[in-house]
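Engineer: starting from these lines, generate the structure:
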Amino acid sequence: MVHPGASSNLASARFVLAPDARVTIGPGVVTERIPGALRLLVEAGASVEVEAGVWLRTELGPVVLAAFEGARLRIGPDAFLNGCHVSAKHSVSLGRRAFVGPGVRIFDADQHDLDADTPERGAPVTVGDHTWIASDATVLRGVTIGDHAVVGTRSLVTRDVPPHGIAYGVPAQVRGRAGDRTAAR
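Structural biologist: Model prediction:
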């Protein structure tokens with residue numbers, strides 16, 4: 001369901017929806033009119049929820065939102081996703097005013113079974129309110145990024161980042177403290 005108050009540019013997005021897939025796009029959601037630059041891939045029983053006021057910016061690169069069978073992907077109100085890839089095999093939730101930079105990848109599962117003894121593993125990813133994940137960072141399964149936290153460019157996030165934490169590096173480590181990002185834009 002696309003709210004009538006969402007941008008008409010969503011008509012240029014590529015929707016690949018399996019039977020019983022659910023997509024909800026709230027009022028004020030915007031994207032650019034670049035054919036196929038916004039891609040929603042939603043398998044059977046999965047849901048993608050894009051709440052009010054979200055900007056899915058595709059000028060710098062495609063925004064890919066993928067929810068695999070039975071998964072839930074939620075993007076909170078007033079979030080800003082800029083040329084990134086978010087993949088849910090279980091559950092991914094981005095909070096209010098979560099900023100996600102170009103080239104960022106968020107995965108809640110390993111992408112494939114490695115071999116018969118090493119199956120795919122998954123765990124929910126939660127990104128809090130008023131967060132910023134800078135360009136080319138990767139967030140892996142089971143991570144929680146707390147409210148007002150900042151993740152630096154090209155970081156690999158394998159562990160939780162506490163509220164107000166500034167984390168960067170490979171693997172990302174908390175190296176500072178961010179103030180209240182409520183008014184940041």
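Engineer: quick check: buried residues in stretch 89-104?
Structural biologist: 89-104 (16 or more other CB atoms under 10 Å). Where C-beta positions appear, they are placed from N, C-alpha and C, glycine not excepted.
Engineer: let me know the closest of those residues to T118.
Structural biologist: K89 (16.1 Å; CB to CB).
Engineer: that closest one: what's its closest spatial neighbour, skipping adjacent residues?
Structural biologist: A109 (3.9 Å; CB to CB, 6 or more residues apart in numbering).
Engineer: contact partners for the one you found?
Structural biologist: Listed by CB atoms under 8 Å, 6 or more residues apart in numbering, the contact partners of A109 are S87, K89, H90, E120, R121, G122, A123, R141.
Engineer: filter those to the buried ones?
Structural biologist: By 16+ other CB under 10 Å, the contacts of A109 give S87, K89, H90, G122, R141 as buried.
Engineer: for the residue nearest to G142 when sequence neighbours are not counted, what are its contacts?
Structural biologist: Spatially, and ignoring its direct neighbours in sequence, G142 is nearest to A123 (3.4 Å; CB to CB, 6+ apart). Shown in contact with A123 (CB under 8 Å, 6+ apart): H90, D108, A109, R141, G142.
Engineer: return the member of those residues nearest to G61.
Structural biologist: The closest of the contacts of A123, once distances to G61 are taken by CB to CB, is D108, at 21.1 Å.
Engineer: for that closest one, give me its contacts.
Structural biologist: Counting by CB under 8 Å, 6+ apart, D108 has contacts 71, 87-92, 122-125, 141-142.
Engineer: check R74 too.
Structural biologist: V48, E49, E51, V92, S93, L94.
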